[in-house]
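>>> Mind looking at a prediction? Sequence and model below.
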Amino acid sequence: MRGTVRVFVGIVAGALIALLLATEARAIEVGQKAPDFTLPDPGGKQVALADLLGKGPVVIFTFIQAFTSV
Amino acid sequence: MRDFNANLSQFEAANAQVVGVSADHVATLQAFTEANNIHYPLLSDFGRKMLPAYNALVTDEKSPIYRYAKRAYFILDNQGIVKYMKIQDNALDILTADEILKALKQSGV
């Protein structure tokens, strides 16, 4: 019984560590695949990164707020 | 944003798509696009899902722009691989369209 509990605890701990590592791996980095996204454009049309990539390289910039100098 | 708009033909010549992303509501971006005659898509991440994945959301609660986008630039090749990225700590560190065009050419995409 005690051995079974140990195995179970080991499996859960391993899964948690794997999850943490996977989360780290998802951070955006040069040389890695960019996270996918689907966001609405001003016309309300959903734009997916995959659709943009189908047309060629993509330049993405992020900005703080429209109608401001930043 | 206007700088990218003015230089859009150069990005198109390089076969690159330009998109801007902010945490603004889609209606705000629609009004801004019309008011400034922007010819590339400004996408709304009002739900704050894309910005954190790109490490481009301000998470410092003391910041005056908490939960808004950082100023950041990314160049992806047509496979979606990140070839260049610049995430600015200071929102006023704006890169020009020329600087991004130069980075685009140097990235070899």
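It's in. Numbers count the residues shown, from 1 in each chain, chains lettered A, B, ... in the order given.
>>> What segments of chain A are strands?
In chain A, the strands defined using DSSP state E lie at A:38-40, A:46-48, A:58-62.
>>> Pipe those strands into a markdown table and attach mean pLDDT and mean neighbour count per row.
C-beta coordinates here come from the backbone N, C-alpha and C atoms, glycine included. Shown next, in a markdown table, are those (pLDDT from 0 to 100; neighbours: other C-beta atoms under 10 Å in any protein chain shown):
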| stretch | mean pLDDT | mean neighbour count |
| --- | --- | --- |
| strand A:38-40 | 98 | 18 |
| strand A:46-48 | 97 | 14 |
| strand A:58-62 | 97 | 24 |
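>>> Confidence-wise, which helix or strand of the chain is lowest on average?
By default, I'm working from chain A. helix A:2-25 (a mean of 57; mean pLDDT, DSSP states H and E).
>>> Repeat that for chain B.
Between all helices and strands in chain B, the lowest mean by mean pLDDT, DSSP H and E belongs to helix B:2-6, at a mean of 89.
>>> which parts of that helix are buried?
By 16 or more other C-beta atoms under 10 Å in any protein chain shown, the buried positions in helix B:2-6 come out as B:4-5.
>>> Could I get the CA-only coordinates of the very next helix or strand once past it as PDB?
Counting by DSSP states H and E, the next helix or strand C-terminal to helix B:2-6 is helix B:8-13. Listed next in PDB are the C-alpha coordinates belonging to helix B:8-13 (Å, rounded to 0.1, in the frame of the first residue of the first chain):
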ATOM      1  CA  LEU B   8       4.100  50.000 -45.800                       C
ATOM      2  CA  SER B   9       5.100  49.700 -49.500                       C
ATOM      3  CA  GLN B  10       8.600  48.800 -48.400                       C
ATOM      4  CA  PHE B  11       7.300  45.900 -46.200                       C
ATOM      5  CA  GLU B  12       5.100  44.800 -49.000                       C
ATOM      6  CA  ALA B  13       8.100  44.800 -51.400                       C
END
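>>> Report all helices and strands that the helix or strand where residue B:19 lies contacts.
Per DSSP H and E: residue B:19 is located in strand B:17-22. Helices and strands touching strand B:17-22, by 3 or more C-beta pairs under 8 Å, 6 or more residues apart in numbering or on different chains; DSSP states H and E, are strand A:58-62, helix B:8-13, strand B:42-44.
>>> Would you reformat the ones you listed as TSV and include distance to residue B:106?
Output for these, formatted as TSV (distance: least, C-beta to C-beta, whole Å):
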stretch	distance to residue B:106
strand A:58-62	13
helix B:8-13	14
strand B:42-44	25
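>>> Cheers, nothing more for now.
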